[in-house]
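**Q** got a predicted structure plus its sequence, pasted below:
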Amino acid sequence: MPQIITQISDKLHTSWQKELANVITDPKTLVELLDIPPENYQQHFAARKLFPVRVPRTLLSRIKKGDFNDPILKQVMPLDVEFSVTDGYVEDPLEEHDTVAPGLLHKYKHRVLMMVKTGCAINCRYCFRRHFPYADNSPNKIRWQQALGYIRNHSEINEVIFSGGDPLMASDEHLQWLITEIEQITHIKRLRIHTRLPIVIPQRITPALVSTLAKTRLKATIVFHINHANEVDENVIQAIEPLRTARVPLFNQSVLLKGINDNADILAELSERLFDAGIQPYYLHLFDKVQAVAHFDLTEAEAKKIIIELMAILPGYLMPKLVREIAGEASKTPINLA
């Protein structure tokens, strides 16, 4: 009897690591793949020297071909304006470059941020950590012991936040090891993971990752970073379903970006799309004043106007909270709309 071999589509069989290894790093290649004439935009290509280009190919289907002003493309495409130096914008707007241990930030009394990985699947041009000294904050298992020791010695800490880079750039095995280490610190109650990787490469939500988050004694939460409704397609919705089944709370925070989502209707569509996917809108951040990308910024008055318009569209439970992060403050600072 002939052997029957089940055919599995390449799409289902492709690992997230394979997608990571195949990201686009050349802006010329990026625009060519999107049917945009590179000769019309080559003046922008040199800005990749300021901050590398990284765009997963899994994201391309969500970008409108031929449109240089697509809201997803504008988040990742280098521009020559990045060479400009703007007064009031700095390399470390949140004063994060001094860590309490390698890879560990203690910004808020009861919470610490662990820089689990220094790289990202996608390099967003507006990133407030584009100048962060990742080379000095790239712990391995041995160096992590300093950070874990710091957490053990500070009983006021009750939540660990995995950050980066993108923490889900770490392997499932490494994440399981680190979570197991944290579980042994009795005063830690919660684990929060901030990530964009599963949005740009949905395959990152693996059975092993879901199992680890479902089984830990810590209350695990994921906060996605999504700025536009077009980022949430059916592949993303299907990928996060196992997390919902495992009862892992899913939230989203966005950055208010000029020319991308600075419109009440666009933000309303984002909140609706998120909620339909099982993700709760959470924060809408005012832009952090990082040097080289001031062109993404809006004034606080412009942001307030957008939010007031948004409140007339959305029910309260779909409204993200407008906040600004101010270096040295004990928490995010809500923006008074009055």
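**A** Structure received.
**Q** mind listing what's buried in stretch 174-186?
**A** 174, 175, 176, 178, 179, 182, 185 (16 or more other C-beta atoms under 10 Å). (Glycine included, C-beta is placed from N, CA and C.)
**Q** next, residue 170: phi, psi?
**A** With angles defined as degrees, to the nearest 10, residue 170 shows backbone torsions of phi -70, psi 150.
**Q** pretty sure it contacts residue 117?
**A** Yes. Residue 170 lies in contact with residue 117 (C-beta atoms under 8 Å); the separation is 5.1 Å.
**Q** show me which of those two is the more surrounded one.
**A** Shown here are residue 170 and residue 117; by other C-beta atoms under 10 Å, residue 117 has more neighbours (23 against 18).
**Q** quick one, what contacts that one?
**A** For residue 117, the contacting residues are 164, 165, 166, 167, 168, 169, 170, by C-beta atoms under 8 Å, 6 or more residues apart in numbering.
**Q** what stretches of the protein score poorly on pLDDT?
**A** 1-14, 93-97, 130-139, 328-329 (pLDDT under 70).
**Q** can you show me the strands along it?
**A** For the chain, the strands defined by DSSP state E occupy 104-108, 111-117, 159-164, 190-195, 219-225, 250-255, 280-285, 321-324, 333-334.
**Q** note down every partner strand of the shortest one and its orientation.
**A** In the sheet containing strand 333-334, the strands it pairs with under DSSP bridges are strand 321-324 (antiparallel).
**Q** dump the strand it pairs with to PDB, keeping only the CA atoms.
**A** C-alpha atoms of strand 321-324 as PDB (Å, rounded to 0.1, in the frame of the first residue of the first chain):
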ATOM      1  CA  LYS A 321      -5.900  56.600  28.300                       C
ATOM      2  CA  LEU A 322      -3.900  59.500  26.900                       C
ATOM      3  CA  VAL A 323      -0.600  59.700  28.900                       C
ATOM      4  CA  ARG A 324       2.900  61.000  28.700                       C
END
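**Q** nearest spatial neighbour of residue 246, skipping sequence neighbours?
**A** residue 214 (4.0 Å; C-beta to C-beta, 6 or more residues apart in numbering).
**Q** and for residue 249?
**A** Distances taken as C-beta to C-beta, 6+ apart place residue 221 nearest to residue 249, at 4.7 Å, with adjacent residues excluded.
**Q** so that neighbour versus residue 158, what's the distance?
**A** According to C-beta to C-beta, to the nearest Å, residue 221 and residue 158 sit 13 Å apart.
**Q** and for residue 48?
**A** 41 Å.
**Q** now stretch 161-173, how far from the chain's geometric center?
**A** 11 Å (C-alpha atoms, centre = their mean, to the nearest Å).
**Q** would you put the C-alpha positions of it in PDB?
**A** Output in PDB follows, covering the C-alpha atoms of stretch 161-173 (Å, rounded to 0.1, in the frame of the first residue of the first chain):
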ATOM      1  CA  ILE A 161       8.000  43.600  33.100                       C
ATOM      2  CA  PHE A 162       9.700  41.900  30.200                       C
ATOM      3  CA  SER A 163      10.900  44.500  27.800                       C
ATOM      4  CA  GLY A 164      13.700  45.200  25.400                       C
ATOM      5  CA  GLY A 165      14.200  45.300  22.400                       C
ATOM      6  CA  ASP A 166      11.400  42.800  22.200                       C
ATOM      7  CA  PRO A 167      11.500  40.100  24.900                       C
ATOM      8  CA  LEU A 168       9.800  37.500  22.600                       C
ATOM      9  CA  MET A 169      13.000  37.600  20.500                       C
ATOM     10  CA  ALA A 170      14.200  35.200  23.200                       C
ATOM     11  CA  SER A 171      13.600  31.500  22.700                       C
ATOM     12  CA  ASP A 172      10.800  29.700  24.400                       C
ATOM     13  CA  GLU A 173      13.400  27.700  26.400                       C
END
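**Q** okay, buried residues for it please.
**A** Buried, per 16+ other C-beta under 10 Å, within stretch 161-173: 161, 162, 163, 164, 165, 166, 167, 168, 169, 170, 172.
**Q** what comes into contact with that stretch?
**A** Applying C-beta under 8 Å, 6+ apart, the external contacts of stretch 161-173 come out as 20, 105, 111-121, 129, 134, 175, 178, 191-198, 204, 206, 208-209, 212.
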